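Trainee: Mind looking at a prediction? Sequence and model below.
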Amino acid sequence: MKCYNHPGVGAVGRCAICARPLCRDCIVVVDGKRYCKEDAATLLARQQRADSTRRSVVALTTASVLAALDGLSGIVVGFLLIILGLLGPASSNPYILSNTVEPLLQYFANVIVFPASQALEIGFALMILGTADMIAGYYLWRRSKLGAIVSVAVTSVAGGLLGGYLIIFALAGGFTYVYIISAVVKLMAIVYGWRRLEPFRTQPSLRVPPSTQGPARGTVGFKKNAS
């Protein structure tokens, strides 16, 4: 048995895909199996695409989970800030503060030194952004580009809000840093998996291409009789 590529050289095996006899110089071993160079290149390219797809899926899944968690934290923190804003001057009472705020809001207790209107504004904004980010996380899970766009937009607006009220958010200490890290990781994951996202469609297209095959099967054509 001679090599397919070198007729004057004896073959030492066959390709696992095309079964061509191959010499030692023409055989490529992948995962313990022998292949010709063409099939080995095709196999390796397919494996690389599969690995890339797997990493993109992991990235998008991570982004969707982070979006949902960021949204949930935004809703919770927004609600707590609204409570602080509604308490207003009453929250300065040590008894009320110790019984309603400090046990739950150790990081946020100092917000009461700011005007109550600011706490209310930030609270409502965070609740709206948090709800939008949770919805975006769901659509990211469904691999929708709309979810990615909404999540990026929410993160951008939240970043502007953070910069505009940095003094108040600084009171949150570690929570603020965790959110910033989470937002950066989420954005990186969306960018990495962007090619695997699908355009958002409200409903599938129902357009049917025109037939070019003449009358449909089962129909009967009639000719006019010449008069």
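Mentor: That came through fine.

Trainee: S64 touches I135, doesn't it?
Mentor: No: the criterion here is C-beta atoms under 8 Å, and S64 misses it with I135 at 11.1 Å. Heads up, the C-betas are built off the backbone N, CA and C, glycines and all.

Trainee: Mutual contacts of those two, please.
Mentor: G147 (C-beta atoms under 8 Å, 6 or more residues apart in numbering).

Trainee: higher neighbour count, the two?
Mentor: Comparing S64 with I135 by neighbour count (other C-beta atoms under 10 Å), the higher total belongs to S64, at 26 against 18.

Trainee: The closest residue to the more buried one other than its chain neighbours and A132, how far apart?
Mentor: Residue nearest to S64 in three dimensions, not counting chain neighbours: L140, with 3.7 Å by C-beta to C-beta, 6 or more residues apart in numbering. When distance is defined by C-beta to C-beta, to the nearest Å, L140 is 12 Å away from A132.

Trainee: Which of these two has more residues huddled nearby?
Mentor: A count of neighbours by other C-beta under 10 Å puts L140 above the other of L140 and A132, at 30 against 19.

Trainee: element containing the more buried one, please.
Mentor: For L140, the host element (DSSP states H and E) is helix 116-141.

Trainee: Which strands or helices does that helix pack on?
Mentor: helix 37-87, helix 145-164, helix 166-170 (3 or more C-beta pairs under 8 Å, 6 or more residues apart in numbering; DSSP states H and E).

Trainee: Just the angle for it relative to helix 37-87, thanks.
Mentor: Here helix 116-141 runs at an angle of 160 degrees relative to helix 37-87 (axes from the mean of the first three to the mean of the last three C-alpha atoms, to 10 degrees).

Trainee: Helix 116-141: which residues count as buried?
Mentor: Using 16 or more other C-beta atoms under 10 Å as the test for burial, helix 116-141 gives 116, 118-123, 125-127, 129-137, 139-141.

Trainee: do the same with stretch 175-185
Mentor: Across stretch 175-185, burial judged by 16+ other C-beta under 10 Å covers T176, Y179, S182, A183.

Trainee: from memory the third one sits against L69, does it?
Mentor: By that I understand S182. Yes: assessed by C-beta under 8 Å, S182 is found in contact with L69 at 7.0 Å.

Trainee: would you turn the helices and strands packed on helix 116-141 into TSV with mean pLDDT?
Mentor: Below are those laid out as TSV (pLDDT from 0 to 100):
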stretch	mean pLDDT
helix 37-87	86
helix 145-164	86
helix 166-170	62
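
Trainee: So which of those is nearest G193?
Mentor: Evaluated over the helices and strands packed on helix 116-141, closeness to G193 peaks at helix 37-87, with 3.9 Å, by C-beta to C-beta.

Trainee: quick check: angle from the closest one to helix 145-164?
Mentor: Using the same axes, to 10 degrees: helix 37-87 against helix 145-164 is 50 degrees.

Trainee: and R143, backbone torsions?
Mentor: When read as degrees, to the nearest 10, the backbone of R143 gives phi 60, psi 40.

Trainee: How about the contacts made by it?
Mentor: R143 makes contact with L60, R196, L197, E198, according to C-beta under 8 Å, 6+ apart.

Trainee: ok, of those residues, which come out buried?
Mentor: Using 16+ other C-beta under 10 Å, the buried ones in the contacts of R143 are L60, L197.
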